[in-house]
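J.: give me a model of this one.
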Amino acid sequence: MISDSTRGVAASMLAATLASVQAAGIEWDGTSYLRVPVKLGADTRLVMPEPFDDVWEHDDEISASLLDARTLIIRPRIARIEQRLTLRGRDSGTLYLARVSSSLPYTPLVTVHAPNFGRGATELGGRPSVPALLRAMMLGAVPPGFRVEKTSRVLLDQPPYKVVAEQLWQSFGQAGVIARITSTLPQRTIPIVPANIQIQIPQLGALRAFAADDYELGPEQTSSRVYLVYGR
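T.: Down below sits the predicted model:
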């Protein structure tokens, strides 16, 4: 005979198991991709730590709508999905990169818990973290140890974009570039998809992050400021 106490323990374990299956929490480290599972015929709710703007790589394969300022409801239109999603926090300027995939174990709720990427956030060695450097460039607040140079170097000139650098922020092993991206097709609406704009500057190291003030160019706004972080 199973005792009442044994039943209680079993029920508690079952409830905990179900909770772990139904929801996932992500402690984001600021550098890796957020893993967001989706499944045809089901919704995934992605809860971010702050209000955000989002950009999709192939938005025709996904139905996405806002439940509130911090929650995105994602529903795939096809069975097999492998997409990249870029989100920019409106409050902090943090750039979140996500991988939306039908190959991940499905959970209907994904909650992202991000660390505090304030102005003083640093990596090992004392240099700013990638999100912290992005935010510093957006605010025009030069971190200690960085020198800033003006430049007009053309980084990319390939339709539908032209990217011209305005400032180079550089420190040992890390660099940031503030640039202006302009549409070469001003009568059309052109999305800015960071995953599709790979600007390589080998002498600065590998491209670590790409963010923009606005993620869409069109007749009413033909250019936007963009921010690139490089590191070794």
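
J.: pull up the distance across stretch 132-150, start to finish.
T.: 21 Å (Cα to Cα, to the nearest Å).

J.: list the buried ones in it?
T.: The neighbour-count check on stretch 132-150 (16 or more other Cβ atoms under 10 Å) flags 132-138, 143, 146 as buried. Where C-beta positions appear, they are placed from N, C-alpha and C, glycine not excepted.

J.: same thing with stretch 184-197?
T.: 190, 192-194, 197.

J.: residues in contact with it?
T.: Here stretch 184-197 makes contact (Cβ atoms under 8 Å, 6 or more residues apart in numbering) with 55-57, 84, 86, 95, 97, 156, 159-163, 181, 183, 210-212, 214-219, 222, 224, 226.

J.: try stretch 210-222
T.: Residues contacting stretch 210-222 (Cβ under 8 Å, 6+ apart): 53, 55, 86, 88, 93, 95, 134, 138, 160, 181-183, 186-194, 197, 199, 223-229.

J.: which ones among those map onto helices?
T.: Judged by DSSP state H, the contacts of stretch 210-222 include 134, 138 as members of helices.

J.: take the contacts of stretch 210-222 and keep only those in strands.
T.: Judged by DSSP state E, these include 53, 55, 86, 88, 95, 181-183, 190-191, 223-229 as members of strands.

J.: helices along this protein, start to end?
T.: Under DSSP H, the chain gives helices at 4-22, 130-139.

J.: now, which of the buried residues of stretch 132-150 sits nearest R35?
T.: Nearest to R35 out of these is L134 (Cβ to Cβ; 21.3 Å).

J.: worst-scoring helix or strand of this structure, pLDDT-wise?
T.: helix 4-22 (a mean of 40; mean pLDDT, DSSP states H and E).

J.: which one is the residue nearest the centre of the chain nearest to, not counting chain neighbours?
T.: Closest to where the C-alpha atoms of the chain average out (Cα atoms, centre = their mean) is Y96, at 2.1 Å. Leaving aside its sequence neighbours, Y96 sits nearest to L87 (Cβ to Cβ, 6 or more residues apart in numbering; 4.3 Å).

J.: any idea how far that neighbour is from M48?
T.: According to Cβ to Cβ, to the nearest Å, L87 stands 6 Å off from M48.
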